[in-house]
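Colleague: I would like to see how this sequence folds:
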Amino acid sequence: MDRRKFLRVGGGAAAGFGLAAYSDDAAGATGATRATAGAGDSAGTGATAEAVEISSSPDLPEIEWEMPTSWPPNLDTIYGGAVVFAETVGKLSGDRFRITPRPGGEVVPPLEVLQNVQSGAYPIGHTASYYYTGLAELTAFGTSLPFGLNSRQQNAWLYEGGGLELLQGMYAERFNAIQFPAGNTGCQMGGWFNKEINSVGDLSGLKMRIPGLGGRIMDRLGVAVQQIAGGEIYQALQTGAIDAAEWVGPYDDVNLGFPEVAQFYYYPGWWEPGPTLEVQISLSEWEGLPELYQEIVKAAAHVANTTMMARYDKLNPESFAEIEANDSITVLPYPDEVMTAARDESFALYEELGGADADFKTLLDSFSAFRESSARWFGIAEASFNNFAAEG
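Modeller: Below is the predicted model:
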């Protein structure tokens, strides 16, 4: 089968905005209750799905999947995104398609979700694609690129700008998998440090937990980059195994206790301006699902994607105020020298990776064109308003 052709038909973004009605011809059943979850249901802030009654037709099997994740369960935002996705699948399928999320490390190592989906050890996982740049650098596009897109731009590129279609074709060929956006944290903070950063030189030899291409850039700036799962960061900072770490933002960082073990809190997280989390599904398992269940997965992923971002936008401001009120924490912007050097190294790295991998170049061309066309509009309308409103 031509995987790219299949995914253009079966994995397109537009279908994800709603749960298509399951016709008599498709279902091969009588008496089934049919429902459509439209864009207003799945894409609305804090959206939830009502249960759909499904007939006992043999064409609609009962399916149970375990879903390893990369997240500790105490993070009710990121791990909660996996829970929202699984619960929505259950509700929309009338509890005939059941997915059980598993915390990172419970069934597979937190940073090996994709490998287990690829091998077929598990049919589905919830993770961040940029954890797997060691397998293929192009996976970074599924999460975020340094100095890339904010959360709205990322969604627009994936769903409407052709990004998801390109990525799905490449995931099919390289990992025997298909993936869907299923969460976003919004622009992240720049990490916790036990040393003040005043220049690029201050980064030299610093031991920092940072994944993905952001880690590659920090390495080029002299940082000793460490790959550590989220649930292990606190202890590493506490013991001095690392000097700095990035995670997400104020809400998760407070939950993980970082203000107790680090003094300086930097912004912005230039390496993750709008990072997407995703569900990854074994392609053979995906192809074996009834069409209705495929549409349910797409709709549930949209619910998780929107709900996670809404939760962060509610919780991060509250936790940031708590951090600012902590006299032992100093909140600082990265120096312009560091930002400029990081940006220059980022685009130099993209040129190198695009020259070595034709698929990376294809994605970069699409991503860059979208970024360029989008940046002017967001700078005029969004940024100008946000900056003025923040001053008031």
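
Colleague: so which residues of the stretch 51-200 of the chain form helices?
Modeller: Secondary structure of the stretch 51-200 of the chain (DSSP state H, counting those that start in this stretch): helices located at 78-92, 113-119, 151-159, 163-175.

Colleague: which strands and helices lie in contact with the longest one?
Modeller: This points to helix 78-92. If you count contacts as 3 or more C-beta pairs under 8 Å, 6 or more residues apart in numbering; DSSP states H and E, helix 78-92 packs onto strand 97-102, strand 124-127, strand 177-184, strand 276-282, helix 291-324. C-beta: built from backbone N, CA, C; applies to glycine.

Colleague: Phe147 is nearest to which of those?
Modeller: Each of the helices and strands packed on helix 78-92 has some distance to Phe147 by C-beta to C-beta; the shortest is strand 276-282, at 16.1 Å.

Colleague: how far off centre is that closest one?
Modeller: 8 Å (C-alpha atoms, centre = their mean, to the nearest Å).

Colleague: pLDDT (mean, whole number) over the helix or strand just after that strand?
Modeller: Past strand 276-282, further along toward the C-terminus, the next helix or strand under DSSP states H and E is helix 283-287. Helix 283-287 carries an average pLDDT of 98.

Colleague: before we move on, back to that, wait, which of the helices of the stretch 51-200 of the chain is closest to Val279?
Modeller: Nearest of these to Val279, taken as C-beta to C-beta: helix 78-92 at 6.1 Å.

Colleague: you'd agree Thr139 is up against Tyr132?
Modeller: Yes - counting by C-beta atoms under 8 Å, Tyr132 is a contact partner of Thr139 at 4.6 Å.

Colleague: need the residues touching each of the two.
Modeller: Here Thr139 and Tyr132 have Leu114 as joint contacts, going by C-beta atoms under 8 Å, 6 or more residues apart in numbering.

Colleague: burial of Trp271, as a residue count?
Modeller: 29 (other C-beta atoms under 10 Å).

Colleague: look up how far Glu87 lies from it.
Modeller: 31 Å (C-beta to C-beta, to the nearest Å).

Colleague: Val254 too?
Modeller: Between Val254 and Glu87 the distance, using C-beta to C-beta, works out to 25 Å.

Colleague: Ala301 and Phe180 touch, don't they?
Modeller: Yes - using C-beta under 8 Å, Ala301 makes contact with Phe180 at a distance of 3.9 Å.

Colleague: contact partners for Met67?
Modeller: Ala82, Ala86, Ile99, Thr100, Pro101, Arg102, Tyr122, Ile124, Gly125, His126, Val279.

Colleague: redo the residues you listed as TSV? Include pLDDT.
Modeller: Shown next, in TSV, are the contacts of Met67 (pLDDT from 0 to 100):
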residue	pLDDT
Ala82	98
Ala86	98
Ile99	98
Thr100	98
Pro101	98
Arg102	98
Tyr122	98
Ile124	99
Gly125	98
His126	98
Val279	98
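
Colleague: please indicate which of those residues are buried?
Modeller: Ala82, Ala86, Ile99, Pro101, Arg102, Tyr122, Ile124, Gly125, His126, Val279 (16 or more other C-beta atoms under 10 Å).

Colleague: which one of these is nearest Gln153?
Modeller: Closest approach between those and Gln153, by C-beta to C-beta: Val279, at 21.1 Å.

Colleague: from Ile197, how far off is Val331?
Modeller: Distance from Val331 to Ile197, by C-beta to C-beta: 13 Å.

Colleague: try Ser93
Modeller: Remark: distance between Ser93 and Ile197 (C-beta to C-beta) = 49 Å.

Colleague: who's more crowded, these two?
Modeller: Per other C-beta under 10 Å, whichever of Ser93 and Ile197 has more neighbours is Ser93, with 25 against 20.

Colleague: the more buried one is in contact with Ile296, isn't it?
Modeller: Yes - proximity of Ser93 to Ile296 meets the contact threshold set by C-beta under 8 Å, at 5.5 Å.

Colleague: residues contacting the residue most central in space within the chain?
Modeller: Geometric centre of the chain, nearest residue: Leu277, 1.7 Å, by C-alpha atoms, centre = their mean. Contacts of Leu277 were listed using C-beta under 8 Å, 6+ apart, and they are Ile78, Gly81, His126, Thr127, Ala128, Thr143, Pro181, Ala182, Gly183, Asn184, Thr185, Met308.

Colleague: and the residue nearest to the second one when sequence neighbours are not counted, what pLDDT?
Modeller: This points to Gly81. Nearest in space to Gly81, with sequence neighbours left out and distances taken as C-beta to C-beta, 6 or more residues apart in numbering, is Gly183 at 3.7 Å. We have a pLDDT of 98 for Gly183.

Colleague: check the gap between Gly183 and Phe175 for me.
Modeller: 19 Å.

Colleague: and what of Glu87?
Modeller: From Glu87 over to Phe175 the distance is 26 Å, taken as C-beta to C-beta.

Colleague: ok, Val89 - contacts?
Modeller: Phe97, Arg98, Ile99, Ile296, Val297, Ala300.

Colleague: would you mind checking the residues you listed for buried ones?
Modeller: Buried subset of the contacts of Val89 (neighbour count, 16+ other C-beta under 10 Å): Phe97, Ile99, Ile296, Val297, Ala300.

Colleague: turn these into TSV, columns for distance to Ile380.
Modeller: Compiled in TSV, the buried ones among the contacts of Val89 are given as follows (distance: C-beta to C-beta, whole Å):
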residue	distance to Ile380
Phe97	44
Ile99	42
Ile296	39
Val297	37
Ala300	35
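
Colleague: so where's this structure uncertain?
Modeller: Residues of the chain meeting the criterion pLDDT under 70: 1-58.
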